[in-house]
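Enquirer: from the sequence below, what's the structure:
(one chain, ligands or ions: 2)
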Amino acid sequence: MLNQAQVLQALENVYDPELHQSIVDLNMVRNIAIEPEGSISLDIALTVEGCPLHQKITDDVNQALRKNPNVRDVAVNLSVMNEQERKIAFQKAFEHAQKSQRKAQSQKPNVAGPSSGRKAPFIGPLPGQEAALGMMSDANKTVVIGIASGKGGVGKSTVTANLAVALKEQGARVGVIDMDIYGFSQGRMFGAKEKARVNEREQIIPWHVHGIELVSMSMFVEEGQAIVWRGPMLGKMMQQFFTDVAWPELDYLLVDLPPGTGDVALDVAQKIRKAKLVLVTTPQEVATHVAHRAGDVAVRAQQEIIGVIENMSYVVCPHGESMYIFGSGGGKTLAGLFKVPLLGQIPLETTVREGGDEGSPVVISEPLSLSSRAFMEIAERIKQQIEKEAAG
Ligand SMILES: Nc1ncnc2c1ncn2[C@@H]1O[C@H](COP(=O)(O)OP(=O)(O)OP(=O)(O)O)[C@@H](O)[C@H]1O
Ligand SMILES: [Mg+2]
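Expert: Residues are numbered from 1 along each chain as shown. Ligands and ions are numbered 1, 2, ... in the order given. Reported below is the predicted structural model:
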């Protein structure tokens with residue numbers, strides 16, 4: 001029969017599906033009890049309550065242990081880590097990701113181009129693109145900002161597109177990654193339809209639209225087409241958006257994150273240590289509450305939150321007064337919770353939606369609208385904040 005050390009060894013290759021690291025290394029395996037007749041029971045401490053992938057971990061543990069013919073029965077009891085344990089687990093996952101990234105870079109790996117589906121040799125940067133290929137390195141000067149919310153439909157993609165254009169209007173060189181692999185929308189928002197093209201080095205050539213460099217899944221699939229990738233494939237695609245794109249030199253790279261508090265934002269945080277985060281919320285309490293969880297993930301991953309944007313804050317009536325139809329104060333509350341600035345409030349305006357639907361962000365289509373001015377002010381605030389940080 002197995003002993004404790006052998007049980008741990010058998011579980012070495014069971015990975016936490018969100019943190020992509022061994023559950024043993026993450027100290028998730030506890031209280032192993034082995035009965036002589038072949039029953040094993042153990043506790044698995046999940047990083048977060050209600051972790052949606054707990055069934056996968058349970059199945060993988062079962063599978064790993066039952067490989068041994070002497071194991072007759074496996075009982076997995078799930079529990080949840082406390083704050084301190086979780087912090088340590090996230091830190092470990094983070095360090096692990098950094099280590100494998102450094103290892104991968106030193107080995108000059110083969111990275112498959114998503115268009116070709118085959119392994120493309122890693123040749124190295126084109127002249128002038130060293131900085132871009134090093135997007136994932138700490139030394140790269142591009143400021144990477146994820147736009148997150150937790151709750152869906154609060155306007156992350158709208159904010160990403162308009163913030164990108166507003167930063168560009170202020171003289172910055174800006175790129176956008178539509179990291180919402182399943183629910184991509186940036187192609188539509190920017191009016192970009194062309195399918196992906198790659199250069200001679202098999203790097204994706206970003207769309208150049210409204211002065212912005214943009215990559216999105218819609219370069220590869222039709223809108224409405226289901227994408228059924230899971231874990232590793234998804235992670236690989238995300239990585240390729242950073243490393244296998246012929247990015248020119250950029251001052252800002254905005255990353256439109258999918259809704260949810262989970263693993264994509266964490267993955268970005270792990271891949272790009274310096275990535276910062278902007279939280280988008282609507283004024284309602286519920287959206288703020290969910291955004292808070294998104295922010296919590298960032299804090300745990302030691303990611304800097306640079307501020308909160310409140311979207312759909314108010315409607316301006318024909319007589320000029322503002323109506324706070326969704327309530328008020330959500331953005332301010334959220335900013336207060338994380339002790340970060342409320343970067344701005346964007347009104348609910350038809351022109352914002354129309355701009356997004358017609359492929360021309362409102363900052364371009366209606367530059368004098370209230371929302372455009374709000375976006376310009378937010379961009380200026382972010383720029384000032386980042387420049388101040390860089391100087392001091
Ligand atoms: N300030 C605004 N005024 C009017 N309409 C808006 C505003 N902000 C966003 N919208 C509209 O609300 C809808 C949802 O916005 P958007 O797609 O940007 O949200 P999202 O958070 O990215 O959604 P998802 O979670 O699905 O990715 C879109 O139709 C968009 O045009
Ligand atoms: Mg979106």
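Enquirer: quick one, helices of this structure?
Expert: 4-11, 54-66, 83-107, 130-133, 156-169, 186-190, 231-243, 263-271, 285-300, 330-338, 350-357, 362-365, 370-391 (DSSP state H).
Enquirer: most tightly surrounded among these?
Expert: Highest mean neighbour count of these: helix 156-169, a mean of 27 (counted as mean count of other Cβ atoms under 10 Å). (C-beta placed from N, C-alpha, C; glycine too.)
Enquirer: ok, that one near ligand 2 or not?
Expert: Yes. Contact of helix 156-169 with ligand 2 (Cβ under 5 Å from the ion) involves 156, 157.
Enquirer: pull the CA atoms of that helix into CSV?
Expert: Output in CSV follows, covering the C-alpha atoms of helix 156-169 (Å, rounded to 0.1, in the frame of the first residue of the first chain):
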residue,chain,number,x,y,z
LYS,A,156,-15.4,47.0,-20.3
SER,A,157,-15.1,46.7,-24.0
THR,A,158,-16.6,50.1,-24.6
VAL,A,159,-14.3,51.6,-22.0
THR,A,160,-11.3,49.8,-23.5
ALA,A,161,-12.0,51.0,-27.1
ASN,A,162,-12.6,54.6,-26.1
LEU,A,163,-9.8,54.8,-23.6
ALA,A,164,-7.5,53.5,-26.3
VAL,A,165,-8.6,56.2,-28.7
ALA,A,166,-8.5,58.9,-26.0
LEU,A,167,-4.9,58.0,-25.1
LYS,A,168,-4.0,58.0,-28.8
GLU,A,169,-5.6,61.5,-29.2
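Enquirer: give the rounded mean pLDDT of that helix.
Expert: On average, the pLDDT along helix 156-169 is 97.
Enquirer: angle of that helix against helix 370-391?
Expert: Interaxial angle, helix 156-169 versus helix 370-391 (axes from the mean of the first three to the mean of the last three Cα atoms, to 10 degrees): 70 degrees.
Enquirer: what about helix 156-169, distance to the chain center?
Expert: For helix 156-169, the separation from the chain centroid amounts to 17 Å (computed by Cα atoms, centre = their mean, to the nearest Å).
Enquirer: now swap in stretch 320-338 and tell me
Expert: Centroid separation between stretch 320-338 and its chain, computed with Cα atoms, centre = their mean, is 25 Å.
Enquirer: could you report the separation of the closest residue to residue 219 other than its chain neighbours from residue 183?
Expert: Distances taken as Cβ to Cβ, 6 or more residues apart in numbering put residue 196 closest to residue 219, at 3.8 Å, once the chain neighbours are dropped. Distance of residue 196 to residue 183, computed by Cβ to Cβ, to the nearest Å: 18 Å.
Enquirer: more neighbours: which of those two?
Expert: Neighbours per residue (other Cβ atoms under 10 Å) separate residue 196 from residue 183, with residue 196 holding more: 19 against 13.
Enquirer: contacts only, for residue 349.
Expert: By Cβ atoms under 8 Å, 6 or more residues apart in numbering, the contact set of residue 349 is 315, 316, 362, 369, 370, 371.
Enquirer: also residue 85?
Expert: Contacts of residue 85 by Cβ under 8 Å, 6+ apart are 27, 45.
Enquirer: as TSV, the contacts of residue 349 with distance to residue 296 and pLDDT would be great.
Expert: TSV is the format used below for those (distance: Cβ to Cβ, whole Å; pLDDT from 0 to 100):
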residue	distance to residue 296	pLDDT
315	31	87
316	34	82
362	31	97
369	34	94
370	32	94
371	29	96
